[in-house]
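Enquirer: mind looking at a prediction? Sequence and model below.
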Amino acid sequence: MKSIIIIGSGMGGLATGIYGQYNGFNTTIFEAHSLPGGQCTSWKRKGYVFDACLHTLNGFKPETKVNAFWQELGAMPCEMVERNEFVSAVLPDGTHFHNHYDIKKLEYHLKQLSPDDADVIDEYINGIKSFLGELDWFGISNFGTFWEKLSLVPFFLPKIKYFKYTMGSFGERFRHPFLHKAFPLIRYSVPDVPLFGYLAEHSSYIYGDSGWPRGGGMTLSKNMASRYQELGGTIRYRKKVVRILTENNRACGVELEDGTQHKADFVVSNADGRKTILEMLEGRYMNKKVSQYCEPNSEDNDIAFSVFVCLGVKRDLSSYPSFLIMFLDQPETIGGHNCDHLGMQIFGFDTSMAPSDRGVIKVELSGKPSYFSQLYQDETAYQAEKNKIAEQVIALLEKQFPGLREDIEVIDVSTLCTWERYMGGTQGHNNFPRKYKDLTDIRNVLDFIFGLNRIYTLPGLGNFFFAGQWVTSMGSLFSNALTGKTVVQKICKKSGVKFTES
Ligand SMILES: Cc1cc2nc3c(=O)[nH]c(=O)nc-3n(C[C@H](O)[C@H](O)[C@H](O)COP(=O)(O)OP(=O)(O)OC[C@H]3O[C@@H](n4cnc5c(N)ncnc54)[C@H](O)[C@@H]3O)c2cc1C
């Protein structure tokens with residue numbers, strides 16, 4: 001029986017292990033952390049669950065290809081919890097904009113709010129409608145044969161007009177000042193997100209395919225880890241890999257931080273690509289392209305989800321929207337970032353996230369990676385800044401949730417440095433190869449949709465594969481899990497084994 005060592009138990013690592021077991025390989029996952037799931041994680045404090053990852057999971061709809069894939073991985077069943085709107089936004093004067101999932105309700109609401117924007121609203125609504133229907137285009141584009149993928153061309157052609165917009169550039173077309181500034185932020189406060197992806201996502205909620213799994217992301221991770229172990233796979237937690245062993249330019253095992261060495265026929269890295277290439281393999285398997293992939297992002301731009309302020313509150317939050325953009329009276333600098341709004345997930349809709357009659361508010365702030373990495377050099381200064389951020393956020397939230405301070409039972413602040421500490425990455429959670437100038441590059445979007453230009457191997461190194469984010473260049477649970485399946489297909493081919501999915 002041939003063996004596979006997998007570095008990391010993120011989505012790609014767990015999926016590699018599961019399909020490896022299905023196909024008769026002897027697999028072991030070495031995970032640096034004490035839990036499975038990698039970025040798909042949460043932590044518990046005094047009964048409150050702070051989910052660090054999830055906004056939405058796709059693949060709930062039975063009989064879609066993605067759902068079938070999750071079933072193979074044992075990720076399902078996850079119970080989908082209903083949410084009514086994608087996001088709501090509120091101005092300091094209390095004016096609300098609700099981005100309802102229900103498009104009739106959404107159209108009515110938007111036209112009431114801004115009759116002058118009827119043309120842009122129609123375009124927006126028609127954009128969502130254009131993705132509706134029973135065609136499993138997402139499944140086909142990921143799992144279909146070449147000819148099946150080609151059959152999607154007539155489906156995508158009429159939508160090309162949406163490709164030219166980001167959320168920001170489309171939002172600027174609204175004449176109403178509130179919609180003009182709120183629309184660009186409706187997808188997790190990131191104006192650079194392509195409009196196309198958002199329209200597809202919105203329609204996927206209506207279609208019943210995207211949603212929130214009860215208990216959050218950790219439910220999914222634990223379900224997959226259980227399936228893997230039931231199949232006979234071994235996860236060894238708190239085992240950090242420091243070196244990939246090679247013989248005659250073939251990967252043949254790993255060395256752990258504790259000095260032990262472990263041999264296998266194949267090695268798969270689900271860890272950060274930069275660390276894998278530059279440290280675990282000491283930069284021995286690189287060419288010009290790989291060097292470019294490993295370059296850090298020189299721009300040091302503000303990035304989303306740099307800081308999370310999670311609050312466990314003794315208050316029923318079930319009547320609040322699931323995601324709220326709260327505009328501030330005046331901009332305020334928080335964690336080095338100039339904020340004119342606070343974007344937050346409000347977990348009143350999932351009772352399993354907190355003890356009874358309680359709820360969680362998770363405020364998501366953007367920021368510059370360098371701001372926190374510099375502070376992190378000085379533990380006292382770093383802690384002081386985290387405390388200051390929490391204090392600022394709570395003071396601002398008081399305006400929307402009067403008396404909140406009295407109800408707060410737990411405060412938890414995490415930053416990009418927290419991700420690096422727990423996940424071993426080099427750029428917080430943004431551990432993507434630098435293939436293009438930035439993530440919103442249209443080529444990245446096309447690669448994502450059609451699974452093109454993926455980085456599974458390294459030049460000159462045999463019996464080694466990547467699984468996860470380094471392959472896809474995208475933050476997506478499903479896509480990164482899928483790389484694990486592809487890796488095992490490749491290993492089966494090399495080993496002369498007929499691939500099976502069960
Ligand atoms: C804030 C945030 C929100 C997100 N929201 C969503 C969402 O709503 N929906 C969605 O689909 N996706 C979302 N994503 C993206 C999704 O979570 C990720 O794309 C996916 O989890 C990445 O999986 P991966 O296979 O790349 O592995 P990772 O999650 O990157 O896991 C890598 C694993 O390797 C381990 N490791 C690293 N180095 C070593 C080492 N040296 N030795 C041993 N182990 C090691 C790490 O501890 C980790 O467990 C979000 C991501 C973030 C950060």
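Expert: Alright, I've got the coordinates.
Enquirer: for stretch 415-422, list every residue counted as buried.
Expert: Neighbour-count burial for stretch 415-422, counted by 16 or more other Cβ atoms under 10 Å, picks out Thr415, Leu416, Cys417, Thr418, Trp419, Glu420, Tyr422. Where you see a C-beta, it was placed from the backbone N, CA and C, and this is true even at glycine.
Enquirer: what do you get for stretch 469-476?
Expert: For stretch 469-476, using 16+ other Cβ under 10 Å, the buried residues are Gln469, Trp470, Val471, Thr472, Ser473, Met474, Gly475.
Enquirer: let's have those in JSON lines, adding distance to the ligand, pLDDT and secondary structure.
Expert: Putting those into JSON lines (distance: Cβ to the nearest ligand atom, whole Å; pLDDT from 0 to 100; DSSP: H, G, I helix; E, B strand; the rest coil) gives the following:
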{"residue": "Gln469", "distance to the ligand": "3", "pLDDT": "94", "secondary structure": "helix"}
{"residue": "Trp470", "distance to the ligand": "7", "pLDDT": "94", "secondary structure": "helix"}
{"residue": "Val471", "distance to the ligand": "8", "pLDDT": "95", "secondary structure": "helix"}
{"residue": "Thr472", "distance to the ligand": "8", "pLDDT": "91", "secondary structure": "helix"}
{"residue": "Ser473", "distance to the ligand": "10", "pLDDT": "87", "secondary structure": "coil"}
{"residue": "Met474", "distance to the ligand": "7", "pLDDT": "85", "secondary structure": "coil"}
{"residue": "Gly475", "distance to the ligand": "3", "pLDDT": "87", "secondary structure": "coil"}
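Enquirer: between those, which is closest to Leu157?
Expert: In terms of Cβ to Cβ, no member of the buried residues of stretch 469-476 lies closer to Leu157 than Met474, at 23.3 Å.
Enquirer: number of residues surrounding the residue in the stretch 251-400 of the chain that the ligand sits nearest to?
Expert: In the stretch 251-400 of the chain, the residue that lies nearest the ligand is Ala271 (3.3 Å; Cβ to the nearest ligand atom). Neighbour count of Ala271, defined by other Cβ atoms under 10 Å: 32.
Enquirer: what does Leu91 give?
Expert: Leu91 has 18 neighbouring residues, counting by other Cβ under 10 Å.
Enquirer: who are the contact partners of it?
Expert: The contact partners of Leu91, by Cβ atoms under 8 Å, 6 or more residues apart in numbering, come to Phe178, Phe327.
Enquirer: next up, phi/psi of it, please.
Expert: phi -90, psi 160 (degrees, to the nearest 10).
Enquirer: give me the pLDDT for it.
Expert: You'll see Leu91 listed with a pLDDT of 96.
Enquirer: still on that earlier bit, I'd guess the residue of the stretch 251-400 of the chain closest to the ligand is in a strand, am I close?
Expert: No - counting by DSSP: H, G, I helix; E, B strand; the rest coil, one finds Ala271 to be coil, located in no strand.
Enquirer: just confirm it contacts Gln469, I think it does.
Expert: No - taking contacts as Cβ atoms under 8 Å, Ala271 lies outside contact range of Gln469: 9.8 Å.
Enquirer: spell out the secondary structure type for Glu391.
Expert: The three-state label given to Glu391 by three-state DSSP is helix.
Enquirer: immediately after the worst-scoring helix or strand of the chain on mean pLDDT, which helix or strand?
Expert: Sorted by mean pLDDT, DSSP states H and E, the helices and strands of the chain end with helix 442-450, the least confident at a mean of 71. Remark: after helix 442-450, the chain's next helix or strand is strand 464-466, criterion DSSP states H and E.
Enquirer: and that following strand with the ligand, contact?
Expert: No - interface with the ligand: strand 464-466 contributes nothing (Cβ under 6 Å from any ligand atom), its closest point being 9.2 Å away.
Enquirer: which elements pack onto that strand?
Expert: strand 266-269, helix 477-495 (3 or more Cβ pairs under 8 Å, 6 or more residues apart in numbering; DSSP states H and E).
Enquirer: out of the ones you listed, which is the most enclosed?
Expert: When you average the neighbours per residue for each of the helices and strands packed on strand 464-466 (mean count of other Cβ atoms under 10 Å), strand 266-269 leads with a mean of 29.
Enquirer: so who does Asp209 touch?
Expert: Asn58, Gly59, Phe60, Lys61, Thr64, Val66, Asn67, Phe138.
Enquirer: what about the nearest residue to Gly59 once chain neighbours are set aside, how many residues nearby?
Expert: Ranked by Cβ to Cβ, 6 or more residues apart in numbering and with sequence neighbours excluded, the top spatial neighbour of Gly59 is Val66, at 3.6 Å. Applying other Cβ under 10 Å, we find 24 residues neighbouring Val66.
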